[in-house]
Structures are given as C-alpha cells and as structure tokens.
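J.: what follows is a predicted protein model with its sequence.
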Amino acid sequence: MRGSFTPGRVCLPIGWLARAPGAKTSWDNATQTATLEL
C-alpha cells in the first residue's frame, strides 16, 4: 500500500511501525481514529 494525500488528510501505511516491539494499536470507530503507542 502506498501513502496517499487528500486535501486536509494524509494516509500512510504504518503497519510496519505497528509491528515494532511493544507497540500497541487501537481503532476508535466513532471518530475513525487509529492510535499507535510505542
């Protein structure tokens, strides 16, 4: 997947970063927000 740009938004493929040791991810469907904690 490639990153993409839409005016006002940036989408990046961060799956590789989410696999870092100790990383935690979560998804809030109400706000459609992904959170990544390292």
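T.: Looks like it came in fine.
J.: surely Thr25 and Leu38 touch.
T.: No: look at Thr25 against Leu38 with C-beta atoms under 8 Å: they stay out of range, at 10.2 Å. For every residue, glycine as well, the C-beta is placed using N, CA and C.
J.: so between those two, which is more surrounded?
T.: Thr25 (13 against 9; other C-beta atoms under 10 Å).
J.: I'd assumed that one was in a strand, is it?
T.: Yes: per DSSP: H, G, I helix; E, B strand; the rest coil, Thr25 lies within a strand segment.
J.: helix or strand with the lowest mean pLDDT in this structure?
T.: Sorted by mean pLDDT, DSSP states H and E, the helices and strands of the chain end with strand 4-6, the least confident at a mean of 67.
J.: strands of this protein, start to end?
T.: Along the chain, counting by DSSP state E, strands occupy 4-6, 9-11, 24-28, 33-37.
J.: counting by contacts, list what the third one packs against.
T.: Right, the one you point to is strand 24-28. In terms of contacts (3 or more C-beta pairs under 8 Å, 6 or more residues apart in numbering; DSSP states H and E), strand 24-28 is packed against strand 33-37.
J.: how about the CA coordinates for the strand it packs on, as PDB?
T.: Provided in PDB are the C-alpha atoms of strand 33-37 (Å, rounded to 0.1, in the frame of the first residue of the first chain):
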ATOM      1  CA  THR A  33      -9.100   7.400  14.500                       C
ATOM      2  CA  ALA A  34      -6.200   5.000  14.800                       C
ATOM      3  CA  THR A  35      -3.900   5.300  17.800                       C
ATOM      4  CA  LEU A  36      -0.400   3.900  17.900                       C
ATOM      5  CA  GLU A  37       1.500   3.800  21.200                       C
END
